[in-house]
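Asks: using only what follows, build the 3D model:
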Amino acid sequence: MRRADVSDHSAIVDRVQRWWGDSRTPAEARELSLLLPKLFLQFFSSTSLVLEDETGIRAFLVGFHAPDNDTEAYIHFVGVDPELRGQGTARRLYTTFFQRAAEAGRTEVRAITSPANTGSIAFHRAMGFTLETGDRTIDGLPVHGDYDGPGQDRVCFFRKITP
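Replies: Model prediction:
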């Protein structure tokens, strides 16, 4: 595992489009990859992670420490090669991110996902995240309506970490 670099951008975008291609149309997978503009690796590469082997990037985590306060960190996007899923790879990325954030004095990590992404919700709960109270409940989940724009509801998570 290593720190991400801006030169990883095109490979990460390619991985998103390939790894999510089995559950989305090519247009939907491309749209998902647009959540990772190059600016994330230009400005937050030191807090983002890449796992690679001789075949290339196998997993990544794009995250950052909040620039507006000294307590929070945020995990923006995580991808794991389907061949590695269920083997603890995402847990390893998150744990490394938590450790580095704590070393930087951060005490809380945040993340969001879609209410429909049940796998992500289960994973975050298993990683010790708490669901934030939302402005409504959908299928028993607290949801923040229109979080990312009209019709873009999100489940918001937070987890305390110890510096």
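
Asks: measure Val13 to Ala116 for me?
Replies: Separation of Val13 from Ala116 (C-beta to C-beta, to the nearest Å) stands at 23 Å. Heads up, the C-betas are built off the backbone N, CA and C, glycines and all.

Asks: who's in contact with stretch 128-146?
Replies: Here stretch 128-146 makes contact (C-beta atoms under 8 Å, 6 or more residues apart in numbering) with 109, 111, 115, 121, 125, 152-159.

Asks: ends of that stretch, what's the gap?
Replies: 25 Å (C-alpha to C-alpha, to the nearest Å).

Asks: got it, and stretch 128-137?
Replies: 21 Å.

Asks: if we can go back for a sec, selection in ChimeraX covering whichever of the contacts of stretch 128-146 are buried, please.
Replies: Selection of buried members from the contacts of stretch 128-146 for ChimeraX, criterion 16 or more other C-beta atoms under 10 Å:
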select :109,111,115,121,153,154,155,156,157,159
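
Asks: which of the contacts of stretch 128-146 sit farthest apart?
Replies: Spatially, the most separated pair among the contacts of stretch 128-146 is Gln152 and Arg159, at 22.8 Å (C-beta to C-beta).

Asks: find the nearest non-adjacent residue to Met127, please.
Replies: Tyr94 (5.6 Å; C-beta to C-beta, 6 or more residues apart in numbering).

Asks: for that neighbour, give me its contacts.
Replies: Contacts of Tyr94 (C-beta under 8 Å, 6+ apart): 61, 75, 78, 127.
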